[in-house]
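Trainee: sequence first, then the predicted structure:
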Amino acid sequence: MPVIELQQIEKSYGPVQALKGLSLTVPRGCLYGLLGPNGAGKTTTIRILATLLEPDAGSVKVAGLDALREPRAVRCELGYVAQEVAIDKILTGREMLQLQGDLYHLRPAERDARIADLIDRLGMESWLDRRCGTYSGGMRRRLDLASGLLHKPQLLVLDEPTVGLDIESRSVIWELLRELRLQGTTVLLSSHYLEEVEALADRMAIIDDGRVIAEGTPDQLKQRLGGDRVTLRVREFSNEVEAEQVRQLLEPVDGVRQVVVNRAQGFSLNLVVDGEQVLSRLREQLDAAQLPVFALAQSRPSLDDVYLQATGRTLMDAELAVVGQRDAKQERKSSMR
Ligand SMILES: Nc1ncnc2c1ncn2[C@@H]1O[C@H](COP(=O)(O)OP(=O)(O)O)[C@@H](O)[C@H]1O
Ligand SMILES: [Mg+2]
């Protein structure tokens, strides 16, 4: 049974249609990544499943419960770490966690044992008794994470947990998320960092403009793009005619999907192939034709290729477009640079 099931969610803020029929299924026990540029609808989706926002249409099931009918029961099952953290400045981190534990009605002994465990796992011991007002972004984020985990939820939901954090905090958080998953907690995180989703997620959805545009394991998404990419150089092709001849030689080889002459790089050949066995066949062909292979590099398609395929633009372009909406003038300046 899936832990999260969103069906055909619609949500508008006045004239802005943030979600346009978004559906999402998160299986139990996985680390699920929600990847998309700023403005895609990640926060809106997460706030809806955390019962902090009601959709205009669609159904929301979390941990087998109807989140629209039983929001309180859902909140007991999930821990939520928001994108923007608002924490008290006067209390210390420990006092914040104790308060949070009391809100969840944990018994004091259990509460304090749980706090001690999280302090240890998140490396918070040296600063936990300082006032929160003095914390860095990374410390605040870790405290927030501890606070979302106090009641041992079966589902942890994090909205862009590592944006703007120092490298150490980021790796502590990644480590903890992996550990939680191993222990059976389902983790859903949103991110606009490809590398974060790539490093952590077992499954992922790419969301763009209020909809899921691709879903699967990162490998599945890449495979749907076609095979591995191989960049091949046979000597240096001195001209296009020579490159074209070799292209015609390689194109019929079994397992080769496409051969493109790359004019930008000394007439090298870029091949899209299915699987690794193709490479030995390619070598045979080239040996027979007495064309020694000068260089051969194999690379898998990246998630950015997936995004490009689905939307016709790169994630970087999408980010720039959002910046542009916010401040059209600024955008014009930067593209002129
Ligand atoms: N409170 C709000 N009022 C008006 N528009 C909003 C509000 N929150 C989000 N939006 C708009 O909804 C869209 C989706 O936003 P959001 O869910 O925050 O995306 P993400 O988290 O992926 O950046 C964006 O166009 C955003 O500007
Ligand atoms: Mg957001």
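Mentor: Noted; the coordinates are in hand. Ligands and ions are numbered 1, 2, ... in the order given.

Trainee: kindly check the end-to-end length of stretch 33-51 for me.
Mentor: Its first and final residues considered, stretch 33-51 spans 19 Å by CA to CA, to the nearest Å.

Trainee: now it, how far from the centre of its chain.
Mentor: Its chain's C-alpha centre and that of stretch 33-51 lie 11 Å apart, by CA atoms, centre = their mean, to the nearest Å.

Trainee: in that stretch, what counts as buried?
Mentor: Neighbour-count burial for stretch 33-51, with 16 or more other CB atoms under 10 Å as criterion, is recorded at 33-37, 39-51. In this view, the C-beta of every residue, glycine as well, is placed from N, C-alpha and C.

Trainee: next one: stretch 187-206
Mentor: Buried, per 16+ other CB under 10 Å, within stretch 187-206: 187-192, 194, 196-198, 200-201, 203-206.

Trainee: and these, which is closest to Val273?
Mentor: Distance to Val273 across the buried residues of stretch 187-206 (CB to CB) is lowest for Glu198, with 22.1 Å.

Trainee: quick check on the closest one: phi, psi?
Mentor: phi -60, psi -40 (degrees, to the nearest 10).

Trainee: which ones among the buried residues of stretch 33-51 map onto strands?
Mentor: Among the buried residues of stretch 33-51, the ones falling in strands (DSSP state E) are 33-35.

Trainee: quick one, strands of the stretch 151-300 of the chain?
Mentor: Assigned by DSSP state E, counting those that start in this stretch, the stretch 151-300 of the chain shows strands spanning 155-159, 186-191, 203-208, 211-216, 228-234, 256-262, 268-273, 293-299.

Trainee: now distance to Leu122 too, for the ones you listed, in TSV please.
Mentor: Shown next, in TSV, are the strands of the stretch 151-300 of the chain (distance: least, CB to CB, whole Å):
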stretch	distance to Leu122
strand 155-159	13
strand 186-191	15
strand 203-208	25
strand 211-216	31
strand 228-234	39
strand 256-262	47
strand 268-273	44
strand 293-299	36
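
Trainee: out of these, deepest packed?
Mentor: Sort those by mean neighbour count, taking mean count of other CB atoms under 10 Å, and strand 186-191 sits at the top with a mean of 26.

Trainee: give me the angle between that one and strand 155-159.
Mentor: When axes from the mean of the first three to the mean of the last three CA atoms, to 10 degrees is applied, the directions of strand 186-191 and strand 155-159 differ by 10 degrees.

Trainee: other SSEs contacting strand 186-191?
Mentor: Contacts defined by 3 or more CB pairs under 8 Å, 6 or more residues apart in numbering; DSSP states H and E place strand 186-191 against strand 31-35, helix 42-49, strand 155-159, helix 167-182, helix 194-200.

Trainee: keep only the buried residues of stretch 33-51 that also lie close to ligand 2.
Mentor: Filtering those for proximity to ligand 2 by CB under 5 Å from the ion leaves 42-43.

Trainee: re earlier: closest to Ser238 among the buried residues of stretch 187-206?
Mentor: Leu194 (37.4 Å).

Trainee: excluding chain neighbours, what is closest to the spatially most central residue of the chain?
Mentor: Nearest to the mean C-alpha position of the chain, counting by CA atoms, centre = their mean, stands Val197 at 3.1 Å. Using CB to CB, 6 or more residues apart in numbering and skipping residues adjacent in sequence, the residue nearest Val197 is Gly33, 3.7 Å away.

Trainee: quick revisit: Serialize the helices and strands packed on strand 186-191 to a markdown table and add fields for distance to ligand 1 and mean pLDDT.
Mentor: Listed next are the helices and strands packed on strand 186-191 as a markdown table, based on distance: least, CB to the nearest ligand atom, whole Å; pLDDT from 0 to 100:
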| stretch | distance to ligand 1 | mean pLDDT |
| --- | --- | --- |
| strand 31-35 | 8 | 96 |
| helix 42-49 | 3 | 96 |
| strand 155-159 | 7 | 96 |
| helix 167-182 | 18 | 94 |
| helix 194-200 | 13 | 89 |
